[in-house]
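> Next comes the sequence, and after it the predicted model I'd like to discuss.
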Amino acid sequence: MKPLFGIHAPIHGSYGYWSFLELSSMADEMGFDYLTVGDHFFLPSETYARIGGDPAKPDKLDAWSVLSALAAKTERIRIGTRVSPIPFYLPSRLAKIVATADIISGGRAILGVGAGWHKDEAIAYGVKWGSHKERMERTLEGLEIILSLWLNEKTTFKGKYYQVLEAPLWPKPLQKPHPQIWFGGSSNAIINAAVKYGDGLFPLTDTPIEKLVDILQRLREAERKHGGKKPVMFAPAISYPSGIGKKSEWTSNIENCIRIGANLVLIDFTMEYAPLNEAKLFLKEFAKEVLPSFR
């Protein structure tokens, strides 16, 4: 399988909706395969110091709203979250949102999921935090409901955290059996969940190569242990501009990821500030200089 490429686009700080739309539309035109955004109410204040914006007014556009808008303006790039924390959602509502985005996009939506990491965000909005174990339990219960709503005419579920009774969800997503499910993180709990439910795994941006090797080994070992379906895709992310480096280093930095077994490599524009024109020029040059080497 040839490696795939994508971008993780900012929807906060100096990047408002129109900047996001311009950068993301160019990624579609330049031949990138995936486009992801983060899904938060707001981010830690230091994030805005890095990418621009006012820490006193911690802005963040709604992830699925901008993805649905992008879906209507693009033709081929897959779109989704990296990631949506299920404990912050009513699972049935998230199932409806993603199904709608899949229809708008013509079958290109992916759902990235996680247990949440920003405690201050949860406290501010009245979301129960709890231990990582509890958040994982809520995440997997929620995902069971989402998948059942997508796959069945009606869903009844009585869990520890969520209950639904004879719930229908129509229209269904276009993708069959359902949109791809990606997990964010690298804990053993996340890896095991990715093997059981998922299509892909997103480790943290700029994770060192030696740590990526360890994560991928644990992922493949979990597949051998639990197995039974296609391998989970592995998608490391490299920050722009620091992580990807100088133009002369682009190809070698990508090759390092491919060599260890990456199926998808994301360029992350959310870690530090880059003017829109500079980011667009990078996409154009990367598509010209690097992508053909891996196609």
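Yes, it's here.
> where does Gly112 land in three-state SS?
Put simply, Gly112 is strand when judged by DSSP: H, G, I helix; E, B strand; the rest coil.
> That one contacts Ile86, correct?
No: counting by Cβ atoms under 8 Å, Gly112 does not reach Ile86; the two are 10.4 Å apart. All C-beta spots, glycine's among them, are computed from the backbone N, C-alpha and C.
> any idea how far Leu201 lies from Thr251?
Counting by Cβ to Cβ, to the nearest Å, the separation of Leu201 from Thr251 is 24 Å.
> Looking at the two now, which is surrounded by more residues?
Each of Leu201 and Thr251 has its neighbours counted (other Cβ atoms under 10 Å); Leu201 has more, 26 against 14.
> and the more buried one, what is it in contact with?
Residues in contact with Leu201 (Cβ atoms under 8 Å, 6 or more residues apart in numbering) are 182-186, 190-191, 194, 215, 219, 232-235.
> Let's see that with 6 Å instead.
Contacts for Leu201 were tallied using Cβ atoms under 6 Å, 6 or more residues apart in numbering; they are 183, 194, 232, 234.
> so of those, which ones are in strands?
If you go by DSSP state E, the contacts of Leu201 have 183, 234 in strands.
> For the contacts of Leu201, pick the one with the most neighbours.
The contacts of Leu201, ranked by neighbours (other Cβ under 10 Å): first place Phe183, 29 neighbours.
> Spatially nearest residue to it, not counting backbone neighbours?
Ala194 (4.2 Å; Cβ to Cβ, 6 or more residues apart in numbering).
> Please apply the same query to Gly185.
In space, and not counting its chain neighbours, Gly185 is closest to Gly114: 5.9 Å by Cβ to Cβ, 6+ apart.
> The one you found and Ser242: what is the separation?
24 Å.
> swap in Pro179?
32 Å.
> Settle it for me: which of these two has more neighbours?
Between Pro179 and Ser242, counted using other Cβ under 10 Å, the more crowded position is Pro179 (24 against 11).
> Give me the phi and psi for the more buried one.
Reported as degrees, to the nearest 10, the phi and psi values for Pro179 are phi -60, psi 150.
> Find me whatever residue is spatially closest to it, sequence neighbours aside.
In space, Pro179 is closest to Ala109, 4.8 Å off (Cβ to Cβ, 6+ apart).
> Read off the pLDDT value for that neighbour.
We have a pLDDT of 99 for Ala109.
> Would you check that Phe32 makes contact with Leu4?
No: in this structure, Phe32 is not within contact of Leu4 by Cβ atoms under 6 Å, at 8.5 Å.
> Neighbour count for those two, which is higher?
Neighbours around Phe32 and Leu4, counted as other Cβ under 10 Å, are more numerous at Phe32. The numbers are 23 against 17.
> Mind checking what secondary structure that one has?
With three-state DSSP as the basis, Phe32 sits in coil.
> Could I get the full set of strands for the chain?
Using DSSP E, the strands of the chain run over residues 4-8, 34-37, 78-81, 84-85, 109-114, 155-158, 163-167, 180-184, 200-202, 233-234, 237-239, 264-268.
> Let me have those strands in CSV, extended by distance to Phe282.
Converted to CSV, the strands of the chain look like this (distance: least, Cβ to Cβ, whole Å):
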stretch, distance to Phe282
strand 4-8, 10
strand 34-37, 15
strand 78-81, 20
strand 84-85, 27
strand 109-114, 23
strand 155-158, 44
strand 163-167, 45
strand 180-184, 24
strand 200-202, 21
strand 233-234, 24
strand 237-239, 12
strand 264-268, 8
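> Quick check: Glu221 vs Ile191, distance?
The spacing between Glu221 and Ile191, counted by Cβ to Cβ, is 9 Å.
> coming back round to it: for the residue nearest to Phe183, give me its contacts.
Contact analysis of Ala194 by Cβ under 6 Å, 6+ apart lists 183, 201, 232.
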